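> my questions concern the predicted model and sequence given below.
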Amino acid sequence: MSQSRIRVLVGKPGLDGHDRGAKVIARALRDAGMEVIYSGLHQTPEQIVEAAIQEDVDVIGLSILSGAHLTIFPRVKDLLREQEAEDILLIGGGTIPEEDVEVLLRQGFAEALFTPGTPTGEIVGWIKQRLETKEPEPVRAKDE
Amino acid sequence: MIMSDKERWQENYRALRERQNPFVTVSSVPVAPLYTPEHSAGTDYERDLGYPGSYPYTRGIHANMYRGRLWTMRQFAGFGSAQESNERYKFLLSQGQTGLSVAFDMPTIMGYDSDHPRAYGEVGRVGVAIDSLQDMERLFQDIALDRVSTSMTINAPAAILWAMYIVAAEKKGIPSYKLTGTIQNDILKEYIAQKSWIFPPEPSLRLITDIFKYAKEHVPKWNTVSISGYHIREAGATALQELAFTLADGFAYVEAGIKAGLDVDDFVPRLSFFFNAHMDVFEEIAKYRAARRIWARHMKEKYGAKKSESLLLRFHTQTAGCSLTAQQPENNIVRTAYEALAAVLGGTQSLHTNSMDEVLALPTEKAVQIALRTQQILAYESGVANTIDPLAGSYFVESLTDQMERGAEDYFRRIEEMGGVLAAIGQNFFQQEIADAAFRYQREIEKHERIIVGVNEFTKEEKLGIDLLKIGPETEKAQVGRVQELKRIRDNARVRSALADLEGAAKGSDNLIPKIMTAVRAYATEGEIIGVLKTVFGEYREQAVY
């Protein structure tokens, strides 16, 4: 993993067009040396998982600002399982209330969630650490 | 001697220490330590400022401004079912709000019925779910539509939701000529920033000019497009980009109307604007003042408008959602108050103040009430509404206003060189400019060149101390049930014939609004009407850039 470049799919599921965060993250990850594929808007979970497998990514990052996070993360996780692609890390961000962050992480529907105000460097660091160590501790992203 | 005094001041200034802080606006524009008469030396009072209610309207569009009537306090609201939103509207009206502003859910915005697979998980979540006339009637139950003005934030399917509103009023016995309100109906900024499009640009503009024509005959007090900078700014644009791109869109609608055979003075008076109010108070005030002057000048000099109403840039303002922070959310009350102050000092016609919790969820009733009280305190206690355009003549504000106008004119030239707004959208010009500005802003925060209180400075470990509004899955289930029930019980032969008629008209060049109204009256759903139009018009696809 560490000899080749880390590949990330930045996915924008749902019907909303709030792509500011997704684009800023995509650029920050690219600047940090990763291969970034941006899905574009209005993608279904099926389209995202299909693209992730086709592009052979290490990480899927979902940006959700529509309030639909409690349906989308579990759906993407299920699809990954069905496609036997559970090794792809699923992370995300957006307007996700604290309570829901806890639910999603506790139930294993996401490996990490980064809420508004998270420095992009923190996300870069998390991905690198997670992919460079074999069995890392689950990391809970901080708000500040 | 002013020169020697100036030199002495410069010397004194240089001898003193400056804070280690870039002195720039929120849009990263450098600000001088002091502004003097030299900075506004080129300004001619009569030519560039004039009197409020007179050309070029820099100082305001009315002769009396807020001494006659305060701005309209209009809080954007809508969630869950039509009935839940109806209750929120009645609450807001009882609290002294003077206009309604409807937020729709994403499936409605994108033209999907609540029972469509793409709607799954999104029904009623960020706004109210409206599938048919039936929901529209519920939304405005017991509200006198001839006495409130209603703003509807709807773009790609605007014609359909507007038709539903007109028919809902008609069924209450209110004729369309009495209706006042606004549909956002600004598809250009969707391609540029907000990204809620359905059809490609050409047929989208046809729907808009059909609306211009229908409104002129039947709904003359309606604002047919709310040309919006708000979303352009939220997507990351600077204040200048917001100003320039929004006015460029405005000119494109004017040109589309002319091309469709309308006279400028027949539809331009019904165009209104919608701007953002971000944190940098003076930059925002300059933006609004420059906007009025630029619009008046272009309408008069370039497009040959004769009626004074065609020259007036009337605008709604919303405080900047993107300036709010998830950390220490109560601080957002203060941010919103400063932003509202800028909007009022800039002469806005109506104002939405964001609630402190909107970065986390839809606002609770308590948060909405504080936001509305923020405007009321500004209006009744602060004294800022006592005199017209109080910052005129400030060396700083006039200089910023001139700078905004010059910067916008530069952008207009660049856009024209690219072949106009549609061509520039096709070349991803606006999208790239905005993505670059958004990234720059984020980097400034991360490099600590820009301080955001509670985010990268003055932080603390905290547990969220405020309650959030929850939309449960039962809303979606109930709405899906309602629309499926409607599809069973209505006269489906009538629906089919109305939709076939609409399809025929879409292939030709007849005005589509009467056809859409016939379909709406038959309780055709939004998704069905959009579906028919998609088969004729096709769908838009973007090449995303970042």
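Thanks, I have the structure now. Residues are numbered from 1 along each chain as shown, chains lettered A, B, ... in the order given.

> name the residues that touch the helix or strand encompassing B:Val520?
Taking DSSP states H and E as the criterion, B:Val520 maps to helix B:513-521. Contact with helix B:513-521 is made by B:132-133, B:159-160, B:162-164, B:166-167, B:210-211, B:213-214, B:495, B:498-499, B:501-502, B:505, B:528-529, as judged by CB atoms under 8 Å, 6 or more residues apart in numbering or on different chains. For every residue, glycine as well, the C-beta is placed using N, CA and C.

> B:Lys470 and A:Ile25, how far apart?
Using CB to CB, to the nearest Å, one obtains 27 Å as the distance from B:Lys470 to A:Ile25.

> what count of nearby residues applies to A:Val103?
The local packing of A:Val103 (other CB atoms under 10 Å in any protein chain shown) involves 16 other residues.

> not counting sequence-adjacent ones, nearest residue to it?
Of all residues not flanking A:Val103 in the chain, A:Leu70 sits nearest, at 7.3 Å (CB to CB, 6 or more residues apart in numbering or on different chains).

> quick check: that neighbour is in a helix.
Yes. The assignment for A:Leu70 by DSSP: H, G, I helix; E, B strand; the rest coil puts it in a helix.

> pLDDT value on it, please?
The model reports A:Leu70 with a pLDDT of 90.

> ok, it - contacts?
A:Leu70 neighbours (CB under 8 Å, 6+ apart): A:Asp100, A:Val103, A:Leu104, B:Gly121.

> redo that, cut-off 10 Å
Counting by CB atoms under 10 Å, 6 or more residues apart in numbering or on different chains, A:Leu70 makes contact with A:Ile64, A:Ile96, A:Asp100, A:Val103, A:Leu104, A:Phe109, B:Gly121, B:Pro473.

> please apply the same query to B:Glu358.
Shown in contact with B:Glu358 (CB under 10 Å, 6+ apart): A:Thr95, B:Phe76, B:Thr319, B:Gly321, B:Leu324, B:Pro329, B:Asn332, B:Thr336, B:Ala367, B:Val368, B:Ala371.

> is it in a helix, a strand, or coil?
Going by three-state DSSP: B:Glu358 is coil.

> out of the contacts of B:Glu358, which is most surrounded?
Neighbour counts for these, by other CB under 10 Å, peak at B:Thr319, which reaches 31 neighbours.

> quickly find the element holding the residue nearest to it when sequence neighbours are not counted.
Nearest non-adjacent residue to B:Thr319, counting by CB to CB, 6+ apart: B:Glu339, 3.9 Å away. Element membership for B:Glu339 (DSSP H and E) is helix B:331-345.

> hmm, the next helix or strand after that helix in reach of chain A?
Next helix or strand after helix B:331-345 toward the C-terminus (DSSP H and E): strand B:350-352. No. Figure legend: strand B:350-352 not in contact with chain A (CB under 10 Å from any CB of the partner chain); closest approach 17.8 Å.

> from the chain's centroid, how far away is strand B:350-352?
10 Å (CA atoms, centre = their mean, to the nearest Å).

> so which elements touch the helix or strand that that strand is followed by?
Tracing the chain C-terminally past strand B:350-352 and defining elements by DSSP H and E, one meets helix B:365-380 next. Packing partners of helix B:365-380 (3 or more CB pairs under 10 Å, 6 or more residues apart in numbering or on different chains; DSSP states H and E): strand B:72-73, strand B:76-77, helix B:82-94, strand B:315-319, helix B:331-345, strand B:350-352.

> weakest of those by average pLDDT?
For the helices and strands packed on helix B:365-380, mean pLDDT drops lowest on strand B:76-77, to a mean of 82.

> pairing partners for it, with directions?
Its sheet considered, strand B:76-77 pairs with strand B:100-103 (parallel) by DSSP bridges.

> how about whichever helix or strand comes after the partner strand as PDB, C-alpha atoms only?
Using DSSP H and E, the helix or strand that follows strand B:100-103 towards the C-terminus is helix B:106-110. Presented in PDB, the C-alpha positions along helix B:106-110 are these (Å, rounded to 0.1, in the frame of the first residue of the first chain):
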ATOM      1  CA  MET B 106     -34.400  18.000  -2.300                       C
ATOM      2  CA  PRO B 107     -36.700  15.700  -4.200                       C
ATOM      3  CA  THR B 108     -39.100  18.600  -4.900                       C
ATOM      4  CA  ILE B 109     -36.200  20.800  -5.900                       C
ATOM      5  CA  MET B 110     -34.900  18.100  -8.300                       C
END
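
> the residue of chain A found nearest chain B: how many residues sit nearby?
Residue nearest to chain B within chain A: A:Gly17 (2.7 Å; CB to the nearest CB). The number of residues packed near A:Gly17 is 23, by other CB under 10 Å.

> what of B:Leu205?
Other residues near B:Leu205 number 21, with proximity taken as other CB under 10 Å.

> any weak-confidence spans in the stretch 1-150 of chain B?
Along the stretch 1-150 of chain B, segments meeting pLDDT under 70 span B:1-3.

> quick one: the helices in it?
Using DSSP state H, counting those that start in this stretch, the helices of the stretch 1-150 of chain B run over B:2-15, B:82-94, B:106-110, B:133-139.

> circling back to that earlier point, reformat the helices and strands packed on helix B:365-380 as a markdown table; add distance to B:Tyr55.
Converted to a markdown table, the helices and strands packed on helix B:365-380 look like this (distance: least, CB to CB, whole Å):
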| stretch | distance to B:Tyr55 |
| --- | --- |
| strand B:72-73 | 24 |
| strand B:76-77 | 32 |
| helix B:82-94 | 36 |
| strand B:315-319 | 17 |
| helix B:331-345 | 21 |
| strand B:350-352 | 23 |
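
> lovely, talk soon.
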